[in-house]
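Peer 1: One predicted model, sequence on top.
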Amino acid sequence: MRVIVMGQQVFGKAALEKILEPGVDEVVAVYTAPDKEGKPADPMKQAAINHKLALYQPANFKDDAVLDEMRALNADVMIMAFVTVFVPEAARDIPKMGSICFHPSLLPLHRGPSAINWSIIWGETKTGLCWFYPTDGLDEGEILLMKEVEIGPDDTLGDVYFKKIFPLGVDSTLEVLDMYRGNKLVRIGQDETKATYESWCRKKESQIDWSKPVADVYNLIRGTNPQPGAWTTIGGEELQIFDARKTDGAGTPGDVVSIGDDGVVVQADGGRIIVKRVRAKGGDKIPAGQWAAGADIKPGSKLSN
């Protein structure tokens, strides 16, 4: 088939190269986001250049000239791998068999741009990925393919994405193309009664409230590690918390209970968090014990919401 591959960042690059590996289908063009001034080239762009593929970076898919360029490619299908820009129906329907889009959740759960973060923050034990037929609604189209992955009790965002969803998603790209090539397409409607939508998980959403149940605090830390990083304050200074573990113990939420080789133990409601790796504002990620020694943190010090 003649395939357009649209995407961004490392996932888009990996999906593109997975399609190129067997040499079964012809990638007639790569679409990625426009360059950002002062930023390095998107990995997807660099991959297209390395493989000498036609590269397009339109700022607006409603432009007639952009649509005419896409029509001239005479594509059979468009694979949309990690796409954060809006692509209207006029562009999606240009390939003969339309377009198919990747999303890292079990739709209709966690529609939106930070799906994996929120599945962990909410304390869920499974998530997954979908390839769906995109519409003008956000992540609302019928589903072609769905795969589940487990969220372990100590899994972080990095664990779930890089060790589970990323490789499974890249491999499933070929499965999707096989379904198109073999005319084995299915359309599974999303159950709107179960739909959830969350926006970006950013700094505002990542602040720790030590008065909340310890499970909620731990899920927030896991669900924002490595990005955007859960944070708290001590002495008016921000501190990001990354690697951590949950343990038992009672006390006043926010109090530093102890400091040892295993980390800095902080009280939450109904349990404690063993903080293992942190980053003070402007610094690097370091072991929590090292930070505590340098910042003169002692048992009884107070972390604030």
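Peer 2: Structure's in. What do you need?
Peer 1: so Gly251, which of the three states?
Peer 2: Here Gly251 is recorded as coil under DSSP: H, G, I helix; E, B strand; the rest coil.
Peer 1: Provide the count of other residues in contact range of the nearest residue to it once chain neighbours are set aside.
Peer 2: The shortest distance from Gly251 to any non-neighbouring residue, by Cβ to Cβ, 6 or more residues apart in numbering, is to Gln267 (4.0 Å). For glycine as for every other residue, the C-beta is placed from the backbone atoms N, C-alpha and C. If you count neighbours by other Cβ atoms under 10 Å, Gln267 ends up with 23.
Peer 1: Contacts for the helix or strand hosting Gln267 next, please.
Peer 2: Gln267 belongs to strand 263-268 when assigned by DSSP states H and E. Residues external to strand 263-268 that are found in contact with it (Cβ atoms under 8 Å, 6 or more residues apart in numbering): 210-214, 217-218, 244-245, 247, 249-259, 272-276, 278, 287-289, 291-292, 297, 303.
Peer 1: For ChimeraX, what selects the buried ones among those residues?
Peer 2: One line in ChimeraX is enough to select the buried ones among the contacts of strand 263-268; burial here means 16 or more other Cβ atoms under 10 Å:
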select :210,212,214,217,218,244,245,253,254,255,256,257,259,272,273,274,275,276,278,287,288,289,291,292,297,303
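Peer 1: Next step: the contacts of strand 263-268 restricted to helices.
Peer 2: Val214, Val217, Tyr218, Ala288, Gly289, Trp291, Ala292 (DSSP state H).
Peer 1: do you know how far the first one is from Gln57?
Peer 2: Going from Val214 to Gln57 by Cβ to Cβ, to the nearest Å gives 46 Å.
Peer 1: could you list every residue that touches Glu150?
Peer 2: Thr125, Lys126, Lys164.
Peer 1: List buried residues within the residues you listed.
Peer 2: Buried members of those, scored by 16+ other Cβ under 10 Å, are Lys164.
Peer 1: Can you list the buried residues in stretch 83-97?
Peer 2: Val83, Val87, Ala91, Arg92, Ile94, Pro95.
Peer 1: can you pull out the strands in the stretch 101-250 of the chain?
Peer 2: 126-132, 143-150, 230-234, 237-241, 244-247 (DSSP state E, counting those that start in this stretch).
Peer 1: Highest average neighbour count across those: which stretch is it?
Peer 2: strand 126-132 (a mean of 22; mean count of other Cβ atoms under 10 Å).
Peer 1: what's in contact with that one?
Peer 2: 100-107, 109-110, 115-116, 119, 139, 141-151, 160, 165, 168-169, 172, 176, 190.
Peer 1: where exactly do the helices run in the chain?
Peer 2: Applying DSSP H to the chain gives helices spanning 9-20, 43-50, 64-72, 89-92, 115-121, 157-158, 166-181, 214-223, 288-294.
Peer 1: pLDDT (mean, whole number) over the fifth one?
Peer 2: Averaging pLDDT along helix 115-121 gives 98.
Peer 1: Could you do the fourth one as well?
Peer 2: Averaging pLDDT along helix 89-92 gives 96.
Peer 1: and that helix, how far out from the chain's middle?
Peer 2: 25 Å (Cα atoms, centre = their mean, to the nearest Å).
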